[in-house]
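K.L.:
A structural model of the following input is requested.
(one chain, ligands or ions: 1)
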Amino acid sequence: MNWTTHYKKAVTFSYDDGVTPDLKLLEIFNKYGIKCTFNLNYGLGPSKGGWEYMGKPVNRLDLSEHVKAYEGHEIAAHALTHPDLTKLPLEEARREMAEDKEGLAKLFGKCPVGMAYPFGTFNDEVVSMLDELGFKYARTVWSSHNFDAQSDLLRFRPTCHHDDEKLFELAEEFLAMEPEEPKIFYIWGHSYEFEGNDNWDRIEKLCQMLAGRDDIFYGTNEEVLL
Ligand SMILES: [Zn+2]
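P.N.:
Predicted coordinates:
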């Protein structure tokens, strides 16, 4: 955590799946100077089919056409084809992670050091396998509702999801804090949720609240956690 020499507070975001509304989310983050980590499935794209969320279609991006769009943010792994890693034979799960990492490294020109668990599921075997593959952090979907630094980075708990009812309360609390120890506000989600729930105003409002403070470091997950 290099930022801690100059700051005591950091904000970071984490968004999954590489879907088309990522492009709009990137515009918002870029407008406010906020940094995000995008967890991507190298083996999936628009040709593999989409799905529906709240009655609205969700489509994946052809990542090879959008390398530039993600510039300035971190690319992390999310498994090659988004399986539940705990339901695969371990060797198959290892292949899913190794090939995602390798493909993303080739496409984006930098080796991913982090990942988010597809479906949020993991077990001790999966955690050890990620460690062996060189992953430095892995995000779960369990909200901590706090800002404390964590030591078990392969079972990292985000502060909250962007639809959490406590989101703005947590943001107010974070902004008001004058901590002695480093504190991290970590928000995660999927950009298609803003589309489906018709609540893009929520992320605009959050970015507006958090951005432009000289006592806050804005970094990717890698920059903030490692
Ligand atoms: Zn996912």
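K.L.:
tell me the confidence at H6?
P.N.:
pLDDT for H6: 97.
K.L.:
mind listing what the residue in the chain that the ion sits nearest to touches?
P.N.:
Closest contact between the chain and the ion, by CB to the ion, is at D16 (4.0 Å). (C-beta placed from N, C-alpha, C; glycine too.) D16 makes contact with F38, N39, H78, A116, W188, G189, H190, according to CB atoms under 8 Å, 6 or more residues apart in numbering.
K.L.:
I'd like these as TSV, with distance to D124, secondary structure and neighbour count appended.
P.N.:
As requested, the contacts of D16 are exported to TSV (distance: CB to CB, whole Å; DSSP: H, G, I helix; E, B strand; the rest coil; neighbours: other CB atoms under 10 Å):
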residue	distance to D124	secondary structure	neighbour count
F38	27	strand	29
N39	21	strand	29
H78	20	coil	27
A116	18	strand	26
W188	22	strand	25
G189	27	strand	21
H190	27	coil	21
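K.L.:
returning to that earlier point: how about the nearest residue to the residue of the chain closest to the ion, chain neighbours excluded?
P.N.:
Closest residue in space to D16, ignoring its immediate chain neighbours: N39 at 4.6 Å, by CB to CB, 6 or more residues apart in numbering.
K.L.:
residues in this protein within reach of the ion, list them.
P.N.:
By CB under 5 Å from the ion, the residues of the chain that approach the ion are D16, D17.
K.L.:
in stretch 134-143, what's buried?
P.N.:
F135, K136, Y137, A138, R139, T140, S143 (16 or more other CB atoms under 10 Å).
K.L.:
brilliant, that's me finished.
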